[in-house]
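*Asks:* Can you look at this prediction? I've put the sequence above it.
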Amino acid sequence: MTVRECMQRLEAEVVVGDEWLDRKVESVAASDLLSDVLATHKHNFLLLTGLSTPQVVRTAELMGSVGIVFCRGKYPPQDAIGMAKVHGIPLLCTRLQMFEACCRLAGLGLEQDSTP
């Protein structure tokens, strides 16, 4: 599965990173708590979150995320967009609730990690 295929399934728009949409996604992590993301043991994962701060991009870069999907219609601030460009992390936005986004990706054979 690629970031592009996940984007299509989530009816998401690309904020930045069109050139990185063909990266392979091995799993998904969904959380609004960055401490939970820091505790994940996943690699090449797509991060689903409703938290739209620059710290999300920092955390994703640190943990090896291949992309970030902002759920619930959230949009990242400009400093987060700039940081994502520098670190090569595609940012996507979807109007879907996080639960619905996880359900749509669950049928794709990706390993899921939804943290409380």
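*Replies:* Cool, got the structure.

*Asks:* Residue 38: how many residues sit nearby?
*Replies:* By other Cβ atoms under 10 Å, the residues close to residue 38 number 11. C-beta: built from backbone N, CA, C; applies to glycine.

*Asks:* Hmm, it is touching residue 61, no?
*Replies:* No. Residue 38 sits out of contact with residue 61 when judged by Cβ atoms under 8 Å, with a separation of 11.9 Å.

*Asks:* Could I get the full set of helices for this protein?
*Replies:* Here the chain has its helices, by DSSP state H, at 3-9, 34-38, 54-63, 78-87, 98-106.

*Asks:* right, and these - which one's nearest residue 24?
*Replies:* Nearest to residue 24 among the helices of the chain is helix 3-9; the distance by Cβ to Cβ comes to 8.4 Å.

*Asks:* neighbouring contacts of the closest one?
*Replies:* In this structure, residues lying in contact with helix 3-9 by Cβ atoms under 8 Å, 6 or more residues apart in numbering are 12, 14, 20-23, 25, 28, 46, 66-67, 69, 90, 92, 104-105, 108.

*Asks:* Check the protein and tell me which residue is nearest its centre.
*Replies:* Taking Cα atoms, centre = their mean as the criterion, residue 68 is the residue nearest the geometric centre of the chain, at 2.2 Å.

*Asks:* Please name the residues that touch that one.
*Replies:* When contacts are counted by Cβ under 8 Å, 6+ apart, residue 68 touches 46-47, 49, 56-57, 60, 76, 84, 89-92.

*Asks:* Please repeat the previous calculation with a cut-off of 10 Å.
*Replies:* In this structure, residue 68 makes contact with 3, 15, 17, 46-49, 51-52, 56-57, 59-61, 76, 80, 84, 89-93, judged by Cβ atoms under 10 Å, 6 or more residues apart in numbering.

*Asks:* Show me which positions of stretch 1-12 end up buried.
*Replies:* Under the neighbour-count criterion of 16 or more other Cβ atoms under 10 Å, stretch 1-12 has 1-4, 6-7, 9-10, 12 buried.

*Asks:* My error: substitute stretch 25-45 in the last question.
*Replies:* 25, 27-32, 34, 36-37, 40, 42, 45.
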